[in-house]
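[1] sequence plus predicted model, see below.
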Amino acid sequence: MKTASWLLYMMDMDVEFAPLTDQTLQTATNRLAQAGLRPTRQRLSLAALLVGDGHNRHVTAEALFEAAREGGDPVSLATVYNTLRAFCAAGLVNEVTVDATRSYFDTRTDDHPHFFWEDKQELTDAPAEELQIARLPEAPEGAEIARVDVVIRLRRR
């Protein structure tokens, strides 16, 4: 019997990643250099899959891990997570947490809201121009607001 986590993992296997070509590798190299990250083999491979063709993606670490393996790159899941954390710190991707056990990594790094489709376990961009936040609470003393994530959960009728 398949577990719920296995089913969630399989659901995001339909994410399309950039093909590993000379052009996507060059784009990845340029993006890593702009972010000040050393272009290790793993970082280049994963960056090429994520941002090499310029398309925006919302991916889980598990889906990226599987895409790398299918592309012949023997990276561990821990390496994928560590690389994604480095990409987040460098501003190449943003992490969007949808629940305590699931995060997506978004290659679109500007401020924008998301729809989370509960039935498909899929994260998509929501129209930012339709979102209005009238006021945020004051940050506690000694803190500042770093970012506001808006995830709108959807369920089909």
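    Looks like it came in fine. Numbering: from 1, shown residues only.
[2] all contacts plus neighbour counts: C-alpha atoms, from now on.
    Noted.
[3] my read is that residue 60 contacts residue 104, right?
    Yes. Here residue 60 reaches residue 104: they are 4.7 Å apart, a contact under CA atoms under 8 Å.
[4] what about those two, which has more around it?
    residue 60 (24 against 20; other CA atoms under 10 Å).
[5] what's that one in contact with, if anything?
    12, 102-105 (CA atoms under 8 Å, 6 or more residues apart in numbering).
[6] repeat that for 6 Å
    By CA atoms under 6 Å, 6 or more residues apart in numbering, the contact list for residue 60 reads residue 104.
[7] helix/strand/coil for the residue nearest the centre of the chain?
    With distances taken as CA atoms, centre = their mean, residue 105 lies nearest the centre of the chain, 1.3 Å away. Look at residue 105: counting by DSSP: H, G, I helix; E, B strand; the rest coil, its state is strand.
[8] hmm, it is touching residue 92, no?
    No. Using CA atoms under 6 Å, residue 105 is not in contact with residue 92, being 9.7 Å away.
[9] so which residues of the protein form strands?
    Counting by DSSP state E, the segments of the chain that form strands are 58-59, 94-99, 102-106, 114-117, 122-125, 151-154.
[10] out of those strands, indicate the one that is most buried.
    Of the strands of the chain, the one with the most neighbours on average (mean count of other CA atoms under 10 Å) is strand 58-59, at a mean of 22.
[11] list the contacts of it.
    Taking CA under 6 Å, 6+ apart as the rule, strand 58-59 contacts 104-106.
[12] mind checking how far the most far-flung residue of the chain relative to its centre is from residue 50?
    Computed with CA atoms, centre = their mean, the residue of the chain farthest from its C-alpha average is residue 141, at 31.0 Å. According to CA to CA, to the nearest Å, residue 141 stands 38 Å off from residue 50.
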